[in-house]
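Enquirer: This is the structure alone, sequence omitted:
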């Protein structure tokens, strides 16, 4: 991924899992444009630090309000989490990608 003012804003749910780490790596390698990125996970991972694109991001808890100002959300979370949060993201006009 690469910062671009005109790019979409992203949220990645369950970012501490292996699938999402690999997904971030692929997006980075391909220089996918983004304006902002939120890295989210469940309560047990809140506050963890993730190094990405030369910056340290603090993992946030995902909630219904997590999708404010987000264009695209990527889920590789459990089915129950995706089922709960997908409709909320859709209501806010967010493009949902489920891995």
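Expert: Received it, and whenever you're ready, just let me know what you need. Quick caveat: nothing in here was measured; it's all calculated off a predicted structure. Residues are numbered from 1 along each chain as shown.

Enquirer: So the nearest residue to residue 9 once chain neighbours are set aside versus residue 48, what's the distance?
Expert: Spatial nearest neighbour of residue 9, chain neighbours left out: residue 36 (4.3 Å); criterion: CB to CB, 6 or more residues apart in numbering. C-beta coordinates here come from the backbone N, C-alpha and C atoms, glycine included. For residue 36, the distance to residue 48 equals 19 Å [CB to CB, to the nearest Å].

Enquirer: and the most centrally placed residue in the chain, bridged to which residues?
Expert: Nearest to the mean C-alpha position of the chain, by CA atoms, centre = their mean, lies residue 12 at 1.3 Å. For residue 12, the beta-bridge partners are residue 39, residue 74 (DSSP bridges).

Enquirer: what's near enough to touch it?
Expert: 20, 23-24, 37-40, 73-74 (CB atoms under 8 Å, 6 or more residues apart in numbering).

Enquirer: quick check, nearest of those residues to residue 88?
Expert: If you rank these by distance to residue 88 using CB to CB, residue 73 comes first, at 9.6 Å.

Enquirer: Brilliant, that's me finished.
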